[in-house]
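A.B. asks: Have a look; sequence and predicted model below, questions after that.
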Amino acid sequence: MPVHSKLGRVCLYKMADVVGNRLANERKKTITKPDEDDPDKPDMDYERWRLIRAQAVGQEIKNEKDLKEVVEVNFATFVLNRIAAQIAPVLDQIHIRVKRKFPDIPERTIDAIKAEVIKSQNTAADLAEGIEGLLDEYIGRAD
């Protein structure tokens, strides 16, 4: 802003220059400041709250994992695959053991037992692969 005159250390300005300067500053503020009602403008307080909340939830989940109260779906799938792998040989031997204990059982009965055991093996093997679907179903029922 141009100085009109000086009296010692005091600078004097014209009233028109001061008003013009103030108006220019206000215009500059309104041009650079985004509209309060702009839907694309993020609400910083809300975003900060969301971040803090997400961090808190993440920490709670980590604590529950450390206490072994919850496990990840991938771990549960791994465990069920291992269990199915351990069950499969036992189920595979059922019809042979039944035939040894009861040698007089007809062959078609043994074949029927074997068919049912194979169905059970397939169900046990498919359980691990379907755990995510079961989880979604469980969450859907809980809501």
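C.D. replies: All right, it came through fine. Residues are numbered from 1 along each chain as shown.

A.B. asks: how near is the residue sitting nearest the centre point of the chain to Glu69?
C.D. replies: The residue lying closest to the centre of the chain (Cα atoms, centre = their mean) is Gly58, at 9.4 Å. Using Cβ to Cβ, to the nearest Å, Gly58 is found at 15 Å from Glu69. (Each C-beta comes from the backbone N, C-alpha and C, glycine too.)

A.B. asks: Check Val90 too.
C.D. replies: For Val90, the distance to Glu69 - Cβ to Cβ - is 30 Å.

A.B. asks: One more: Glu137?
C.D. replies: Glu137 is 21 Å from Glu69, where distance means Cβ to Cβ.

A.B. asks: Lys68: helix or strand, and which one exactly?
C.D. replies: Assessed by DSSP states H and E, Lys68 sits outside every helix and strand.

A.B. asks: what number of residues lie near it?
C.D. replies: Residues lying near Lys68 (other Cβ atoms under 10 Å) number 7.

A.B. asks: Need the phi and psi values for it.
C.D. replies: Dihedral pair for Lys68: phi 60, psi 40, per degrees, to the nearest 10.
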